[in-house]
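Enquirer: give me the fold of what follows.
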Amino acid sequence: MKVYFRVDVVNPERIPVTGPVLLVSTHRSRWDPVVLYSATRRLLRYMASHDEFTGLQGWFMRHLGTFPINTSRPTPGALRECRALLLAGEALVLFPEGTIFYYPPNNIHPIKPGTAWLALDCQTRMPDTSLPIVPIRIVYSDRYPRFRTHIQILVQEPIQVDSYLGPPRKQAIRRLTADLQRALGDVVNESVAEMAPPRHHGSSTACTMPAPKT
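Expert: Prediction:
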């Protein structure tokens, strides 16, 4: 990535080198999952649409830490997989906007509450280990990245999930979701005109999940 693009990583030391961590990022390009490897040497784990796992692309995706999910019919298995990865001390990446948005820098689409739900659920299951969420803003100099596009990976201050365990769960989810939204963007943009269309029916690069019913 640092050869093909011009990558600038700000505050990479905020990503823990060991232990469970949830990286929550803006989603501006299909390059995002690979670009994030410029910020850490850790193996990152992602969800992606099951129909993306074909041929050579599928081989690379699996070796880059991606696991499949049926985005048109999500199942509880995807949630269990995410939970198992965090409880095993791995680094999981989620894109809580749900898909790619070609927004200006510092704009954020309203994020889904599933990220906060997962984080709180996992934190309660490992009371002796603090689970950090690391918000990340990815900014491209070009709307559609190309050779020598400049990319800024801005790693925000980690959010410690255990500090949200006091209030009732629904209130904690709302608080954590709001704090994540502020960390990911300065301007809330609800426009879907700049949403990236899928390459084909059922395809998605979204690495997120709806909030389970509580």
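Enquirer: and the longest strand belonging to the chain, what does it pack onto?
Expert: Assignment by DSSP state E gives strand 132-140 as the longest strand of the chain. With contacts defined as 3 or more Cβ pairs under 8 Å, 6 or more residues apart in numbering; DSSP states H and E, strand 132-140 has these neighbours: strand 21-25, strand 150-155, strand 159-160, helix 169-184. Placement of C-beta: from N, CA and C, glycine included.
Enquirer: point out the most buried one among these.
Expert: Mean neighbour count (mean count of other Cβ atoms under 10 Å) peaks for strand 21-25 among the helices and strands packed on strand 132-140, with a mean of 24.
Enquirer: pairing partners for that strand, with directions?
Expert: Here strand 21-25 has these sheet partners by DSSP bridges: strand 91-94 (parallel), strand 132-140 (parallel).
Enquirer: just give me how far the helix or strand bottoming out on mean pLDDT in the chain sits from the chain centre.
Expert: Ranked by mean pLDDT, DSSP states H and E, the weakest helix or strand in the chain is strand 66-69, scoring a mean of 83. Offset of strand 66-69 from its chain centre (Cα atoms, centre = their mean, to the nearest Å): 13 Å.
Enquirer: before we move on, what about stretch 150-168?
Expert: Worked out by Cα atoms, centre = their mean, stretch 150-168 lies 12 Å from the chain centre.
Enquirer: can you give me the end-to-end span of it?
Expert: Its start and end residues considered, stretch 150-168 measures 43 Å (Cα to Cα, to the nearest Å).
Enquirer: okay, the angle between the helix or strand just after the least confident helix or strand of the chain and strand 21-25?
Expert: Using DSSP states H and E, the next helix or strand after strand 66-69 towards the C-terminus is helix 76-87. Orientation check (axes from the mean of the first three to the mean of the last three Cα atoms, to 10 degrees): helix 76-87 against strand 21-25 gives 120 degrees.
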